[in-house]
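In: Sharing a sequence plus its predicted fold:
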Amino acid sequence: MGGSAEPRLVRVTVDDGVGVLVLADPEHRNALSKRMSDDLAQAVDTALADGARALVLTAEPPVFCAGGSLDGLLNRTVPLAEMYAGMERLAAAPVPTIAAVGGPAIGAGVNLPLACDVILASPAARFDPRFLDVGIHPGGGHLWRLAGRVGAQGAAALVLCGDLLTGQEAAARGLAWRCVPEDDLESTALRLAGRAAGRSAPLVRRTKRTLLECLALTTAEEAAKLELAAQEWSVERPEFAETVRALQRRLAERRGSHVEK
């Protein structure tokens, strides 16, 4: 008789277009073992296949993610590149992604929120790269993503000098979008994801793609040209005219109600 399959280390649910991915290995502080990384990659694929139009990444407390599994790092039979499957799939998701960080994110664990479009943190969050403390160079595009949020000086302070940021400090320095009370963290993430999921899926995906492409441009003229092509595409869609007419009707009804009063 064969044994039962191992439980997934990442739970995934999709409700009303919002996919919620939960790192679910608190016994190992949600460390990024290869299994955890592979399960995260599969969870992203599953959520998108089930119709998710936005994704929220969270974790079972108390630690968001303790970074790379030390046993995994010592196991040289697994190529380092294969350890980043989950993060890469999250970063490549064509829909908006939101990380809700309610505890410490350590080492490679910081890569997971950095791979998301928006980071929300609670006061209990800690962002502590700590790669050099275990004798390993940062990987997975960590330095590039981190410097993109906090600048070269911030990346140097965190990675080279061993500084760390609390949730409040992360929000103040641009690493997180905002710091919210622990009890409001998940609801705030779900609210933002719900807003994104409630909008036109093709338009949201195209806008996210344009945003990412703009990051590689160097002039406003290039950005305007890129956005013009996308904007022309958007106004040619039948959904555009329908949306504008519906807005006009709502405005007319609102004006009519004010006149009656």
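Out: Right, received. Where do you want to start?

In: What is the three-state secondary structure of residue 221?
Out: Secondary structure state of residue 221, per DSSP: H, G, I helix; E, B strand; the rest coil, is helix.

In: Confirm for me that residue 177 is in contact with residue 119.
Out: Yes - using C-beta atoms under 8 Å, residue 177 is in contact with residue 119, at 5.9 Å. Every C-beta, even on glycine, is put in place using the N, C-alpha and C of the backbone.

In: contacting residues for residue 99?
Out: Residue 99 sits next to 56, 57, 58, 112, 113, 116, 118, 119, 120, 189 when contact means C-beta atoms under 8 Å, 6 or more residues apart in numbering.

In: Residue 177 and residue 119: which has the busier surroundings?
Out: Neighbour totals were compared for residue 177 and residue 119, and residue 119 leads with 30 against 18 (other C-beta atoms under 10 Å).

In: Now do that one against residue 64, distance only.
Out: From residue 119 over to residue 64 the distance is 11 Å, taken as C-beta to C-beta, to the nearest Å.

In: How about residue 120?
Out: From residue 120 to residue 64 the distance is 12 Å (C-beta to C-beta).

In: Same check on residue 42?
Out: 20 Å.

In: what's the overlap in contacts for residue 120 and residue 64?
Out: residue 101.

In: related to what we said a few turns ago, between residue 42 and residue 64, which one's more packed in?
Out: Between residue 42 and residue 64, residue 64 has the larger neighbour count (other C-beta under 10 Å), namely 30 against 16.

In: Hmm, the more buried one is touching residue 23, no?
Out: Yes - counting by C-beta under 8 Å, residue 23 is a contact partner of residue 64 at 7.3 Å.

In: Now do residue 58, the pLDDT please.
Out: pLDDT, residue 58: 98.

In: Relative to residue 12, how far out is it?
Out: Residue 58 is 11 Å from residue 12, by C-beta to C-beta.

In: Overlap of the contact sets of the two?
Out: Here residue 58 and residue 12 have 20, 21, 22 as joint contacts, going by C-beta under 8 Å, 6+ apart.

In: helix, strand or coil for the second one?
Out: Spelled out, it's residue 21. Following three-state DSSP, the label given to residue 21 is strand.

In: What residues sit buried inside stretch 12-22?
Out: Buried residues in stretch 12-22, counted by 16 or more other C-beta atoms under 10 Å: 12, 14, 17, 18, 19, 20, 21, 22.

In: mind checking the SS state of the second one?
Out: Reduced to three states with three-state DSSP, the structure at residue 14 is strand.
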